[in-house]
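**Q** got a predicted structure here, sequence first:
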Amino acid sequence: MQNRWTVVYYHNRRGEELARNEIKAFGPEVYAKILTVIGLLKDYGLNIPSRFVKHVEDKIWEIKVDRYRVLYFAFRNRRFVVLRTFIKKTDKTPRREITIAWNRLQDYSEWSEETTDEEN
């Protein structure tokens with residue numbers, strides 16, 4: 001499919017795969033569910049059904065999978081960047097989680113041309 005998007009997972013400058021490791025920490029069943037919804041991002045891009053996503057603020061969006069949330073943003077060249085994954089315990093997305101995602105977004109944007117780890 002030519003119009004597919006690419007999804008990359010935030011990693012820091014030392015190469016630590018923070019975003020992917022956060023997802024894996026929830027166990028294989030949750031990991032598989034989250035990857036299924038991330039697959040919808042690849043297929044539908046910005047037109048993903050609203051029951052799966054919610055705008056958080058500015059460039060940051062949230063994928064909803066049961067009680068788990070994945071914060072991400074759309075980047076140039078049809079690329080989504082997964083920034084942060086956590087368990088949502090309240091109705092509102094915690095400011096701490098948004099701050100972590102925002103810091104990662106800024107860091108990724110600074111050195112994004114070096115990023116080549118693509119999810120297959």
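**A** Sure, I can see it.
**Q** what secondary structure does Leu35 sit in?
**A** Assigned state for Leu35: helix (three-state reduction, DSSP: H, G, I helix; E, B strand; the rest coil).
**Q** distance of it relative to Glu62?
**A** To Glu62, Leu35 is 16 Å away according to CB to CB, to the nearest Å. (Glycine included, C-beta is placed from N, CA and C.)
**Q** more neighbours: these two, which one.
**A** Using other CB atoms under 10 Å as the criterion, Leu35 and Glu62 rank with Glu62 on top: 20 against 13.
**Q** distance check, the more buried one against Arg13.
**A** For Glu62, the distance to Arg13 - CB to CB - is 25 Å.
**Q** give the contact list for Val82.
**A** By CB atoms under 8 Å, 6 or more residues apart in numbering, the residues touching Val82 are 7-10, 19-20, 23, 38, 70-72.
**Q** repeat for Arg69
**A** The contact partners of Arg69, by CB under 8 Å, 6+ apart, come to 62-63, 85-88, 93, 97.
**Q** for these, which one is nearest Asn47?
**A** Nearest to Asn47 among these: Ile63, at 14.4 Å, using CB to CB.
**Q** is the closest one in a bridge, and if so with what?
**A** Per DSSP bridges, residues listed as beta-bridge partners of Ile63: Val53, Val70.
**Q** much appreciated, bye for now.
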